[in-house]
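> what's the 3D shape of this:
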Amino acid sequence: MPASRTRHLLGALLLAASCASTHAADSGLESDLIHALYLKKGTTERAGTSGKAIQAYVREGYIGKRPDQRFDYTDYYLLKKPASFMGHELVLIEEEYITQYIGCCVSPGAGVTVKVSGSTQKLQAFASAQRCTLTDPVDMQHALSEVAIKARLPKGHYASLSCRERDAQP
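Next up, the predicted model:
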């Protein structure tokens with residue numbers, strides 16, 4: 001086999017291996033985030049820890065170390081590079097928590113916003129099973145401006161999944 005062909009083949013194999021490990025990391029991140037949104041049986045608490053799931057996205061460079069915005073009790077993280085969530089493009093992760101009381105009504109938990117690709121049936125089923133709130137469609141430019149985030153997202157169909165304590169209330 002000629003040397004140039006061997007180098008080309010080796011390059012293709014390295015690229016495939018890199019893509020496979022990136023995909024494995026992506027799916028691990030996604031499964032940890034999904035776990036953080038699961039409801040503990042018989043409670044209004046979430047099974048996983050959203051902070052740990054978010055830190056994994058930080059470590060992998062998908063979001064910044066600091067939120068793009070902190071508004072009321074919620075941190076908002078816009079994704080810097082493509083990631084998926086239940087078959088859609090993940091564009092925003094949010095986490096609501098209390099570190100200092102500033103007034104009424106913190107509702108601990110997390111949420112995600114996706115750019116929809118195809119059907120939202122899987123998101124709807126998850127929202128129903130885990131007592132989350134699915135908002136579909138979402139006007140992302142309006143939603144971002146309401147929390148003082150200055151960012152332009154491409155036009156498209158967006159949906160938000162909120163899995164906070166208040167979403168799980170009967």
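
> hey, what's the closest residue to Asp68 other than its chain neighbours bridged with?
In space, not counting the residues next to it along the chain, Asp68 is nearest to Leu78; the distance is 4.9 Å by C-beta to C-beta, 6 or more residues apart in numbering. Quick note: C-beta positions are derived from backbone N, CA and C, even for glycine. Beta-bridge partners for Leu78, by DSSP bridges, are Leu92.

> average pLDDT for stretch 150-158?
Computed over stretch 150-158, the mean pLDDT rounds to 94.

> for it, C-alpha coordinates in CSV please.
The C-alpha coordinates for stretch 150-158 follow below in CSV (Å, rounded to 0.1, in the frame of the first residue of the first chain):
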residue,chain,number,x,y,z
LYS,A,150,-28.3,39.6,24.3
ALA,A,151,-27.9,36.8,21.8
ARG,A,152,-29.2,36.0,18.4
LEU,A,153,-30.3,32.5,17.7
PRO,A,154,-31.2,31.2,14.2
LYS,A,155,-34.9,31.2,13.3
GLY,A,156,-36.4,27.9,14.0
HIS,A,157,-38.8,25.9,16.1
TYR,A,158,-37.8,25.9,19.8
